[in-house]
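1. kindly generate the corresponding structure for this input.
(2 chains)
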Amino acid sequence: MANRGFDTAKLPGFTPTAIFVFVALYLPIFMLVFYSFNAGKAVGIWEGFSLQWYGKAWANDHVKDATLRSIVIASVAAVVSTIVATMAALGTTRRKEFKGQTFIYMMINQPLMVPEIVTAVALLIFFAWIKVATGYQGLGYLIVAHSAFCIPFAYLPIRARLEGMDLTLETAATDLYGSPWQVFRYLTFPLLLPGIIAGMMLAFVTSLDDVVITLFVKSAGQDTLPTYMLGQIRRSISTEIYAISTVLLGLTVALLTAFFLLTRKKE
Amino acid sequence: MSQAIAVEARNAVKAFGQGDAVVRALDDVSVEIRQGEFFTLLGPSGCGKTTLLRLIAGFEMPTSGTILLEGADITYLPPNKRPVNTVFQSYALFPHLTVAENVGFGLQMQGRPQAEVKETAARMLALVKLEQMANRKTSQLSGGQQQRVALARALAPKPKVLLLDEPLSALDLKLRKEMQIELKRLQTETGITFIFVTHDQEEALTMSDRIGVMSAGKLQQVGPPKDIYTRPVNRFVASFIGDTNFLQATVEADGLRLSSGELIEAPAGLAQGRKVTAIVRPEQVRLVNSAELGAVTATVQNMVYFGTDTHCYMTLADGTEVMARLQTTATGDADLTQGQNVALRFAPGSVQVLED
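-> So this is what the prediction gives:
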């Protein structure tokens, strides 16, 4: 960088601010991870290294139950929202600009903008009405709700990938006798695949992590991992929760790293 | 066979936009392109040449008019059902496929057997001298090599017509010259009709059997390169291709009376008394002894040395500007200086009269 001109890093207070922000962001997480390996029970008193809380969490049937439910919901929601998001992304980029395009983008990304609590209340009322009408009490409500709010998270990376893809490629494939389906199957889909996988992972992580909508929509006995943890922590702070959080953190970091590797530009 | 028509456009019109903002990219264009011909659409950007190409490829539908391929109406046939392939300006190679897979793509889409796809791809790569690159990714190739892959890919399904949309514009000068020769060789070897779009007049003149000069959505003139250069029909063609001197004149019984007063030799068959625009190419302007009959007097304004020749800018008695391209001789030219008076002559038969 040249020495002249404006340089943000040279503003007074830049370095202390940066340090403060990073400490505020990462110190609590570091503490959580650190004390999840504590042999003792009390926070702030280190009594030696131990994996006992991981063992206890693993042996806890409630945890197992909630984890399994979370994974089922997140998997189905990720697949459903990715399919919908792929179609939406194709529909909004593989054509000439049209009137109301911005409006459509906003509609698709609505869950990012509407306060989650509003969506949660709305879903609660809507599903209560269906529950009365049909008598169905199953996991379907959570799956539908999660699929819906995961769509924009899957949509954004897929659309970004499509926008970076030259339309001439599809024109060329059509020119070389590809039917619309063949062009999608042999050209668009393989080129889009990294975006689709990235979108699916982002949707999976978003669903896995959700509390607000899940709390409002779930029926009794349908705790997911985050809502179970919330319930536990309200009663007493259990070091078991630290262990579960650390595992969740590890999983999320792994998925987001994969997401980053998939979406970064080659070269 | 060579005189049969490969592609024909009949009264093709393509309008973009609506209401007052309508732009006619193609304005009533009719042209016949012969089988086995190297046909070039030449014109400045925005003249409609690429639009015409896209109509033939099927990427666009005309607003009105008809496109015929070997006599059959293909105006509304989708591009994947036309036996016509395109070489794109950006090459549009498929980044996830190898060079050989790119070349075989068309045949694969047509559902040909794997063995045939592979065999044809290999043969096509040999034709463009890229056998060694078959298993590379396209991103590992140089610009010139990518160009050859794009050509091989478009030729592999044996199209009836190959469309080339300014394929050489991204290459540097040396590579462009090589590819010009290469393209001409491929066209001769395969016998396929080539329709080549360019804004480069030199490319058009050196490669084509016939050229169609376009401007403002209209076809201005169609003919062999020599005709286009020596007998342009209007001011646009005359000025777009090569350098030209424009002279205002009146037709008289024994020649053309220039606006500067001198009488020069006229092409036959012009109505007397008509006011015309005559043109003469700079290389047909000779410096002569002023005593010579029919010589035109001029004043030297500027000399620009180009190596093989020198451009001499002059004005006639009435201020009309004339440029002469004087070939450099072994002994060097007699030094002309600014303000010097000279006498000119136009080579016999070199003066043309524009039709409009």
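
2. tell me the secondary structure at residue 251.
-> Went with chain A since none was named. With DSSP: H, G, I helix; E, B strand; the rest coil as the basis, residue A:251 sits in helix.

3. oops, I was thinking of chain B
-> Per three-state DSSP, residue B:251 ends up strand.

4. at the contact with chain A, which residues of the stretch 1-150 of chain B appear?
-> By Cβ under 8 Å from any Cβ of the partner chain, the residues of the stretch 1-150 of chain B that approach chain A are B:57-59, B:78-81, B:84-86, B:88, B:90, B:92, B:94-96, B:105-106, B:108-110. In short, each C-beta sits where N, CA and C put it, glycine included.

5. an error on my part: the question was meant for the stretch 151-300 of chain B.
-> Residues of the stretch 151-300 of chain B lying near chain A (Cβ under 8 Å from any Cβ): B:153, B:154, B:157.

6. what's the burial count for the second one?
-> Using other Cβ atoms under 10 Å in any protein chain shown, residue B:154 has 25 neighbouring residues.

7. next secondary structure element downstream of the longest helix seen in chain B?
-> Counting by DSSP state H, the longest helix found in chain B is helix B:173-190. Sequence order places strand B:193-198 as the next helix or strand after helix B:173-190, per DSSP states H and E.

8. my reading is that residue B:270 lies in a helix. Confirm?
-> No. Judged by three-state DSSP, residue B:270 forms no part of a helix; its state is coil.

9. that one and residue B:278 touch, don't they?
-> No. Judged on Cβ atoms under 8 Å, residue B:270 makes no contact with residue B:278 at a distance of 9.9 Å.

10. more neighbours, those two?
-> More crowded of residue B:270 and residue B:278, by other Cβ under 10 Å: residue B:278, with 21 against 16.

11. show the pLDDT at the more buried one.
-> pLDDT, residue B:278: 90.

12. that one contacts residue B:351, correct?
-> Yes. Assessed by Cβ under 8 Å, residue B:278 is found in contact with residue B:351 at 5.3 Å.

13. grab the most central residue of the chain for me.
-> Let's take chain A. Compute the mean C-alpha point of chain A, and by Cα atoms, centre = their mean the closest residue is residue A:206, 2.0 Å away.

14. meant chain B, my bad for not saying
-> Mean-position check on chain B, Cα atoms, centre = their mean. Result residue B:204 at 3.2 Å.

15. for that residue, list the residues it contacts.
-> Applying Cβ atoms under 8 Å, 6 or more residues apart in numbering or on different chains to residue B:204 gives the contacts B:40, B:42, B:196, B:198, B:211, B:225, B:241.

16. quick revisit: among the residues of the stretch 1-150 of chain B next to chain A, which are located in strands?
-> B:84, B:85, B:86 (DSSP state E).

17. which one is the first one nearest to, not counting chain neighbours?
-> Put plainly, it is residue B:84. residue B:161 (4.8 Å; Cβ to Cβ, 6 or more residues apart in numbering or on different chains).

18. give me the number of residues near that neighbour?
-> Applying other Cβ under 10 Å, I find that residue B:161 has 23 neighbouring residues.

19. does it touch residue B:70 like I think?
-> No. Using Cβ under 8 Å, residue B:161 makes no contact with residue B:70, being 9.1 Å away.

20. overlap in contacts of the two?
-> Joint contacts of residue B:161 and residue B:70 (Cβ under 8 Å, 6+ apart) are residue B:6.

21. list the buried residues for the worst-scoring helix or strand of chain A on mean pLDDT?
-> Taking mean pLDDT, DSSP states H and E as the measure, chain A has helix A:110-113 as its least confident helix or strand, at a mean of 81. Using 16 or more other Cβ atoms under 10 Å in any protein chain shown as the test for burial, helix A:110-113 gives residue A:111.

22. before we move on, what about stretch A:162-169?
-> Residues of stretch A:162-169 classed as buried: A:162, A:165, A:168, A:169 (neighbour count, 16+ other Cβ under 10 Å).

23. and what of stretch B:186-194?
-> Judged by neighbour count (16+ other Cβ under 10 Å), stretch B:186-194 contains these buried residues: B:186, B:187, B:190, B:192, B:193, B:194.

24. separation between the last one and chain A?
-> Here the distance between residue B:194 and chain A works out to 15 Å (Cβ to the nearest Cβ, to the nearest Å).

25. quick check: bridge partners of that residue?
-> In this structure, residue B:194 bridges to residue B:38, residue B:162 when assessed by DSSP bridges.

26. related to what we said a few turns ago, ok, and of the buried residues of stretch A:162-169, which contact chain B?
-> Within those, those near chain B by Cβ under 8 Å from any Cβ are A:168, A:169.

27. closest to chain B out of the buried residues of stretch A:162-169?
-> residue A:168 (4.3 Å; Cβ to the nearest Cβ).

28. helices or strands up against whichever strand or helix holds residue B:121?
-> In this assignment (DSSP H and E), residue B:121 forms part of helix B:114-127. Packing contacts for helix B:114-127, counted by 3 or more Cβ pairs under 8 Å, 6 or more residues apart in numbering or on different chains; DSSP states H and E, involve helix B:99-109, helix B:143-155, helix B:173-190.

29. show me how far it is from its chain's centre.
-> Counting by Cα atoms, centre = their mean, to the nearest Å, helix B:114-127 is centred 32 Å from the centre of its parent chain.

30. show me where pLDDT drops low in chain A?
-> Along chain A, segments meeting pLDDT under 70 span A:1-5, A:237, A:265-267.

31. kindly report the same for the stretch 251-356 of chain B.
-> Residue ranges of the stretch 251-356 of chain B with pLDDT under 70: B:330-334, B:356.

32. and the helices in the stretch 201-350 of chain B, which stretches?
-> Along the stretch 201-350 of chain B, the stretches classed as helices by DSSP state H, counting those that start in this stretch are B:201-207, B:225-230, B:235-240.

33. mind putting the ones you listed in CSV, mean pLDDT and distance to residue B:134 included?
-> Putting those into CSV (pLDDT from 0 to 100; distance: least, Cβ to Cβ, whole Å) gives the following:
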stretch, mean pLDDT, distance to residue B:134
helix B:201-207, 90, 28
helix B:225-230, 91, 37
helix B:235-240, 91, 42
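
34. for these, which one sits closest to residue B:129?
-> The closest of the helices of the stretch 201-350 of chain B to residue B:129 is helix B:201-207. By Cβ to Cβ, the value is 19.0 Å.

35. list the buried residues for the closest one?
-> By 16+ other Cβ under 10 Å, the buried positions in helix B:201-207 come out as B:201, B:203, B:204, B:205, B:207.

36. only alpha carbons, please: show the host helix or strand of residue A:103 as CSV.
-> Here residue A:103 is covered by helix A:101-108, with elements defined by DSSP H and E. Extracted in CSV, the C-alpha atoms of helix A:101-108 (Å, rounded to 0.1, in the frame of the first residue of the first chain):
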residue,chain,number,x,y,z
GLN,A,101,-37.3,-8.0,-10.1
THR,A,102,-36.3,-6.1,-6.9
PHE,A,103,-39.7,-6.9,-5.4
ILE,A,104,-39.2,-10.6,-6.1
TYR,A,105,-35.7,-10.5,-4.5
MET,A,106,-37.2,-8.9,-1.4
MET,A,107,-40.0,-11.5,-1.3
ILE,A,108,-37.5,-14.3,-1.5
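
37. dump stretch B:24-32 to CSV, keeping only the CA atoms.
-> Taking C-alpha atoms only, stretch B:24-32 is exported to CSV below (Å, rounded to 0.1, in the frame of the first residue of the first chain):
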residue,chain,number,x,y,z
ARG,B,24,-34.1,-1.0,-35.8
ALA,B,25,-31.0,-3.1,-35.4
LEU,B,26,-31.8,-4.7,-38.7
ASP,B,27,-33.8,-2.8,-41.3
ASP,B,28,-35.1,-4.9,-44.1
VAL,B,29,-32.0,-6.9,-44.9
SER,B,30,-32.1,-9.4,-47.7
VAL,B,31,-29.0,-11.4,-48.6
GLU,B,32,-28.1,-14.8,-50.1
